[in-house]
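**Student:** Dropping a prediction and its sequence here:
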Amino acid sequence: MSLRQEYGRERGIKLDYLKRWGVKNGVECITVPVLSHDGKVIYKKRRWLPPRIDRNGNEIRFTNPKGQSHELNFLPLTNGKNWTQVLADPSHPIYFAESEFKAAAIAQLGYAAVTAGSVMGHRHADSDTARCLDVIKWWNRLVRIAFDNDVYWNPNVQDGLFDLAQELIDRGAKVEAWLLPRARWNAAKQEFEKLGADDFIAREGKEAFDACLRLPLTDPMFSTWGKYRSQPKASAALALNFDKRPLEVLTEKPPKREYPRRFGQAGNHFIHAAPRLSEHYISRKMVRLDRGWHRAHPQL
């Protein structure tokens with residue numbers, strides 16, 4: 001059995017789908033195409049089997065060609081549609097997965113699935129994902145973010161979920177977190193068993209995946225998630241009825257107190273007023289929100 005076939009079989013991805021996608025065998029790796037919305041191959045990344053180890057002892061699973069910026073990967077559809085039709089019609093939900101094979105497992109079920117390659121792939125230093133997001137008509141579209149189940153305890157994954165949700169909410173999308181079952185305790189390894197969408201679908205099937213918990217990001221369960229415990233918020237221009245004060249400007253020395261959090265709703269947008277905590281987190285976002293406020297309140 002080839003590396004491609006064995007790797008796909010472990011994740012419930014059929015060989016026919018892998019061939020259609022263009023996944024091929026390499027030397028100690030498989031090559032994974034990154035596709036544009038019109039089906040063209042932008043570049044090919046390598047999935048190392050087994051993972052390589054860098055000089056710091058970290059696992060390297062995927063590598064991009066040198067100098068290649070990160071792009072959004074539009075997985076081949078199996079529902080009889082093409083991506084041009086899906087992107088133009090907001091009635092089609094879009095699933096965001098952590099990585100390529102997790103998105104492929106979802107796409108194989110008949111859903112439109114994309115990935116930025118990691119939980120923070122859309123914010124990578126050399127990412128060109130913002131341009132890819134521009135080709136999608138987001139307004140009033142339902143987006144389901146289906147990250148691995150370590151989202152329950154990993155603050156980095158939680159922050160990636162909230163950051164991606166914020167980006168999509170700013171573009172007018174309705175965002176839900178698609179939550180896989182909580183991790184099981186593995187007594188032999190003395191750790192929680194991490195589960196991705198591909199693993200879960202291969203083990204439990206489509207019906208179980210469809211029955212997964214789905215929640216809006218304003219659900220109280222998320223109030224303690226993430227390093228900064230910050231839920232997605234709409235731009236300040238939309239929060240007119242929730243906080244009349246101009247947004248405070250972040251200084252070089254962060255404030256010592258935590259600002260109160262208040263939530264409201266306007267149309268399809270989730271509003272989070274007074275979003276600052278006692279950290280320098282995402283100052284670029286705050287600048288964007290501050291500009292949005294002053295465009296809405298030129299008199300202030």
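**Tutor:** Perfect, I can see it now.
**Student:** What distance do you get for residue 157 to residue 104?
**Tutor:** 20 Å (Cβ to Cβ, to the nearest Å). (Glycine included, C-beta is placed from N, CA and C.)
**Student:** just residue 198 next, same as before
**Tutor:** Separation of residue 198 from residue 104 (Cβ to Cβ): 7 Å.
**Student:** Mind checking which of the two has more residues around it?
**Tutor:** For the pair residue 198 and residue 104, the greater number of neighbours falls to residue 104 (28 against 25), based on other Cβ atoms under 10 Å.
**Student:** residue contacts, that one?
**Tutor:** 11, 13, 17-18, 21, 75, 113, 198 (Cβ atoms under 8 Å, 6 or more residues apart in numbering).
**Student:** so what's the backbone phi/psi at residue 220?
**Tutor:** In terms of degrees, to the nearest 10, the main-chain angles of residue 220 are phi -60, psi -20.
**Student:** ditto for residue 82
**Tutor:** Main-chain torsions, residue 82, degrees, to the nearest 10: phi -120, psi 160.
**Student:** Pull the number of nearby residues for it.
**Tutor:** 13.
**Student:** now residue 10
**Tutor:** Number of residues near residue 10 (other Cβ under 10 Å) recorded here: 12.
**Student:** likewise residue 73?
**Tutor:** Around residue 73 there are 26 residues (other Cβ under 10 Å).
**Student:** and what of the one 3 residues further on?
**Tutor:** For residue 76, the neighbour count with other Cβ under 10 Å is 18.
**Student:** hang on, the earlier thing: between residue 198 and residue 104, what contacts are shared?
**Tutor:** Contacts common to residue 198 and residue 104, judged by Cβ under 8 Å, 6+ apart, are 11, 13.
**Student:** Could you tell me how far residue 159 is located from residue 220?
**Tutor:** Residue 159 is 19 Å from residue 220, by Cβ to Cβ.
**Student:** any low-confidence regions in the stretch 201-300 of the chain?
**Tutor:** Applying pLDDT under 70 to the stretch 201-300 of the chain flags the ranges 226-300.
**Student:** at 80 what do you get?
**Tutor:** Residue ranges of the stretch 201-300 of the chain with pLDDT under 80: 223-300.
**Student:** could you pull out the helices for this structure?
**Tutor:** Taking DSSP state H to define them, one finds helices in the chain at 3-10, 15-21, 83-88, 100-107, 129-133, 155-170, 197-204, 206-210, 283-296.
**Student:** For the second one, C-alpha coordinates in CSV please.
**Tutor:** These are the backbone C-alpha positions of helix 15-21, laid out as CSV (Å, rounded to 0.1, in the frame of the first residue of the first chain):
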residue,chain,number,x,y,z
LEU,A,15,-8.2,7.0,-2.8
ASP,A,16,-10.4,8.3,-5.6
TYR,A,17,-10.8,11.6,-3.8
LEU,A,18,-7.0,11.8,-3.2
LYS,A,19,-6.4,11.3,-6.9
ARG,A,20,-8.9,13.9,-7.9
TRP,A,21,-7.3,16.3,-5.4
